[in-house]
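Peer 1: sequence unavailable; structure follows:
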């Protein structure tokens, strides 16, 4: 869980949003820089990025869920949940 999404770092490249500092919120995630991404070519990815931007702008909480955060790949779920 990211309590203040304004501290989240990301980069947009080739239709993907790469999440760069998830390990600073939870040590079970791999370190920077291209291990996790949101795929902007899908409706789900566009909705996830929208949630990220809204949370980042407001400084609100944001959660990311991935089936196995020890392996690189796309984010499965983004939102405000526990």
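Peer 2: Yep, it's here. Since the structure is predicted, the reported quantities are computational estimates derived from the model, not experimental observations.
Peer 1: report the beta-bridge partners for the residue nearest to the spatial centre of the chain.
Peer 2: Nearest to the mean C-alpha position of the chain, by Cα atoms, centre = their mean, lies residue 19 at 5.1 Å. Beta bridges link residue 19 to residue 10, residue 36, judged by DSSP bridges.
Peer 1: ok, residue 31 touching residue 25?
Peer 2: No. At 11.9 Å, residue 31 does not count as touching residue 25 under the criterion of Cβ atoms under 8 Å. Backbone N, C-alpha and C define where each C-beta goes, glycine included.
Peer 1: of those two, which one has the most company?
Peer 2: residue 25 (18 against 11; other Cβ atoms under 10 Å).
Peer 1: would you confirm that the more buried one contacts residue 2?
Peer 2: Yes. Residue 25 lies in contact with residue 2 (Cβ under 8 Å); the separation is 5.0 Å.
Peer 1: tell me the buried residues in stretch 61-68?
Peer 2: 62-64, 66 (16 or more other Cβ atoms under 10 Å).
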